[in-house]
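*Asks:* Requesting a structural model of the entry that follows:
(one chain, ligands or ions: 1)
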Amino acid sequence: MALRDQLYIDGAWRTTTTTRPVIDPSDGSVIANVSIASEQDLDDAVDAAAKAFPQVAAISPRERGEMLRRAFEIMTAERDEIARIVSRENGKVLADAIGEVTYATEFLRWFSEEAVRTAGDFRQSPSGDKTIIVTHEPVGPSLLITPWNFPAAMITRKVAPALAAGCSVVIKPATETPLTALAIADVFERAGVPAGAINVVVASPAGPAVDRMLDDGRIRNLSFTGSTPVGKVLLRKAADRVIRTSMELGGNAPFLVLDDADLDLAVESAMVAKLRNGGAACTAANRFYAARAVAEEFSRRLSEAMASVAVGPALDSTSQLGASVSLAERDKIADLVDEAITKGGDALVGGSTPDGSGAFYPATVLRVAADNPILESEIFGPVAPIVVVDSDEEAVRLANSSEYGLIAYVQSGETGRAMRVARQLEAGMVAINRGVISDPAAPFGGVKESGLGREGGFAGIHEFLESKYIGLSF
Ligand code: NAD
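*Replies:* Numbering: from 1, shown residues only. Down below sits the predicted model:
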């Protein structure tokens with residue numbers, strides 16, 4: 001497949017006069033110069049989505065499902081090529097990129113099946129004077145804004161339910177990683193999605209471009225995945241237009257190791273929860289709370305495993321941990337670790353920035369006190385701070401002492417105990433004795449400042465549907 005570096009608007013590829021280099025963070029080289037949308041391009045994209053909306057909404061659910069199924073087949077066949085684009089523009093190792101693209105394609109398959117299953121409601125009113133019929137209708141042209149850390153999966157997790165529901169979309173991918181989004185638009189084009197149903201605009205700077213598209217007035221739904229501060233800005237903007245929103249925001253996941261945990265499993269799960277995507281995941285375990293009885297042994301085994309991780313270029317088959325998306329992002333990780341050490345933390349493994357042009361940071365384990373500032377930040381890197389706790393209650397209290405509430409991890413040898421702790425954790429998702437639970441068939445999303453709404457599962461399509469109640473006497 002050809003590397004797409006143009007915008008995709010109204011079923012056509014459009015080269016613009018302004019371009020921006022897309023950088024490979026493994027070595028600083030330029031992968032492509034991507035077209036940046038002008039104001040006219042942004043207006044055209046919204047116009048195309050608005051005009052295509054009635055046409056997309058009129059496609060039968062079965063045919064929408066089949067379009068998604070064709071996209072699934074094409075993307076599956078081209079998995080490795082798309083994964084190489086992900087690795088190059090994001091910096092993650094190829095194994096992680098292949099895992100991400102596989103996960104991304106599964107949203108196409110799941111929502112191809114969901115397209116025909118949006119059941120309504122039909123019953124008598126309690127007073128018996130009328131019949132209640134509830135149907136679902138597509139919400140309208142939707143603006144989808146995605147982050148750089150999962151350049152493929154965050155696109156399909158939104159586009160697939162949108163199309164399944166009958167919505168047209170404008171996608172604004174992260175400026176750092178636009179090439180994957182454009183490659184996926186190419187897949188949809190070949191799957192026979194009608195012109196205007198899917199549009200991709202690359203924007204820089206993002207804020208004014210998004211303002212302009214919302215100010216058009218025809219966008220009815222804003223689906224955002226990204227940081228909590230930007231999510232708050234967008235919620236305020238959405239409030240001005242009273243449009244639907246779905247917000248998948250930041251996380252600061254606690255990882256609880258109870259005193260009866262199987263430590264082999266705990267370390268295996270911790271390695272996945274920490275290092276998948278190089279730690280640049282909203283679901284990444286960021287705060288390890290280990291019971292005093294096992295903390296020493298857990299720290300020793302985790303340190304041993306982290307020390308053996310090979311850091312290197314994303315496409316080098318010996319690399320297990322790739323680069324951060326940019327030097328600026330890498331330096332943020334380094335600053336957090338430096339501050340954690342200044343404030344009394346000990347580096348058990350790693351903890352210093354390597355020389356060279358790539359945006360690398362080593363797998364790092366820290367022993368910190370419960371009030372260390374690193375525990376308040378989304379680290380977005382391969383850094384595991386461990387805190388010793390004296391009881392399950394203390395672990396839960398510290399786990400809940402965050403404004404975030406996306407996911408939490410519990411390791412325990414007793415299912416009932418793990419379930420009791422899981423029920424007390426303020427999180428939209430809890431993983432028990434596992435390092436990863438994301439699944440297209442399950443509802444993904446957070447509570448507190450981690451967001452509003454759910455993607456995937458049975459809930460995902462409803463982010464793109466409105467309920468309509470029709471009442472009548474019969
Ligand atoms: P970000 O918030 O900086 O950017 C996300 C997107 O918003 C990008 O497309 C960006 O160009 C755009 N954007 C930035 N400023 C904007 C503005 N003022 N107006 C409109 N759009 C704007 O996030 P990021 O650094 O790309 O991604 C990392 C963040 O995403 C982390 O906080 C991570 O936890 C979060 N994330 C959450 C989930 C989830 O499902 N909850 C999944 C992946 C990533």
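*Asks:* Let me see the contact set for the nearest residue to Ala291 once chain neighbours are set aside.
*Replies:* If the residues on either side of it in the chain are set aside, Ala291 comes closest to Asp259, at 3.8 Å by C-beta to C-beta, 6 or more residues apart in numbering. All C-beta spots, glycine's among them, are computed from the backbone N, C-alpha and C. By C-beta atoms under 8 Å, 6 or more residues apart in numbering, Asp259 lies in contact with Ala291, Arg292, Ala293, Val294.
*Asks:* quick one: which two of these are the most distant?
*Replies:* With C-beta to C-beta as the measure, no two of the contacts of Asp259 lie farther apart than Arg292 and Val294, at 7.8 Å.
*Asks:* the more surrounded of these two?
*Replies:* Val294 (19 against 12; other C-beta atoms under 10 Å).
*Asks:* For that one, grab phi and psi.
*Replies:* For Val294, the backbone dihedrals (degrees, to the nearest 10) come out as phi -120, psi 0.
*Asks:* Please report how far it lies from the ligand.
*Replies:* Here Val294 is placed at a distance of 29 Å from the ligand (C-beta to the nearest ligand atom, to the nearest Å).
*Asks:* who touches that residue in this structure?
*Replies:* Val294 makes contact with Val257, Asp259, Ala261, Leu263, Ala266 under the criterion C-beta under 8 Å, 6+ apart.
*Asks:* got a winner among those residues for most neighbours?
*Replies:* Val257 (30 neighbours).
*Asks:* Tell me which helix or strand the residue nearest to that residue when sequence neighbours are not counted sits in.
*Replies:* Nearest residue to Val257 in three dimensions, chain neighbours excluded: Ala290, at 4.3 Å (C-beta to C-beta, 6+ apart). Applying DSSP states H and E as the criterion places Ala290 in strand 285-291.
*Asks:* rewinding a little: make TSV out of the contacts of Asp259 and add pLDDT.
*Replies:* Shown next, in TSV, are the contacts of Asp259 (pLDDT from 0 to 100):
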residue	pLDDT
Ala291	98
Arg292	98
Ala293	98
Val294	98
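*Asks:* which of the residues you listed lies closest to the ligand?
*Replies:* Ala291 (27.4 Å; C-beta to the nearest ligand atom).
*Asks:* Secondary structure of Asn149: a helix, I assume?
*Replies:* No - looking at Asn149 with DSSP: H, G, I helix; E, B strand; the rest coil, it is coil, so not inside a helix.
*Asks:* that older thread, go through the strand holding Ala290 and flag the buried ones.
*Replies:* Neighbour-count burial for strand 285-291, counted by 16 or more other C-beta atoms under 10 Å, picks out Ala285, Asn286, Arg287, Phe288, Tyr289, Ala290, Ala291.
*Asks:* Give me the contacts around the helix or strand harbouring Ala49.
*Replies:* Counting by DSSP H and E, the element that carries Ala49 is helix 39-58. Applying C-beta under 8 Å, 6+ apart, the contact partners of helix 39-58 are 7, 9-11, 14, 16, 37, 64, 137-138, 140-142, 163, 166-170, 194-197, 199-201, 203, 209, 212-213, 216, 218-219.
*Asks:* Asp5 reaches Ile36, doesn't it?
*Replies:* No - Asp5 is beyond contact range of Ile36, at 10.6 Å (criterion: C-beta atoms under 8 Å).
*Asks:* what's the residue nearest to Val257 in contact with, if anything?
*Replies:* Ala290 neighbours (C-beta under 8 Å, 6+ apart): Val257, Phe298, Ser299, Ile386, Val387, Val388, Val389.
*Asks:* and if we set it to 10 Å?
*Replies:* Taking C-beta atoms under 10 Å, 6 or more residues apart in numbering, we find Ala290 in contact with 255-259, 261, 263, 266, 270, 296-299, 302, 367, 386-389, 395, 411.
*Asks:* Which residue ranges make up each domain of this structure?
*Replies:* Domain assignment of the chain by automatic domain parsing yields the ranges 7-249+450-472, 253-439.
*Asks:* Quick check: closest non-adjacent residue to the residue of the stretch 1-150 of the chain found nearest the ligand.
*Replies:* Using C-beta to the nearest ligand atom, the closest approach of the stretch 1-150 of the chain to the ligand is made by Pro147 at 3.0 Å. Excluding its sequence neighbours, the residue lying closest to Pro147 (C-beta to C-beta, 6+ apart) is Gly226, at 4.5 Å.
*Asks:* do Ala270 as well
*Replies:* In space, Ala270 is closest to Leu302, 5.6 Å off (C-beta to C-beta, 6+ apart).
*Asks:* pretty sure the one you found is in a strand, no?
*Replies:* No - using three-state DSSP, the assignment for Leu302 is helix, not a strand.
*Asks:* so how far is the ligand from it?
*Replies:* 22 Å.
*Asks:* Surely that residue and Pro385 touch.
*Replies:* No - judged on C-beta atoms under 10 Å, Leu302 makes no contact with Pro385 at a distance of 11.2 Å.
*Asks:* what is in contact with those two at once?
*Replies:* Common neighbours of Leu302 and Pro385 (C-beta under 10 Å, 6+ apart) are Phe288, Val365.
*Asks:* What ranges does the stretch 201-350 of the chain have for its helices?
*Replies:* Using DSSP state H, counting those that start in this stretch, the helices found in the stretch 201-350 of the chain span residues 206-215, 228-241, 263-275, 292-307, 327-342.
*Asks:* Thanks a lot, see you next time.
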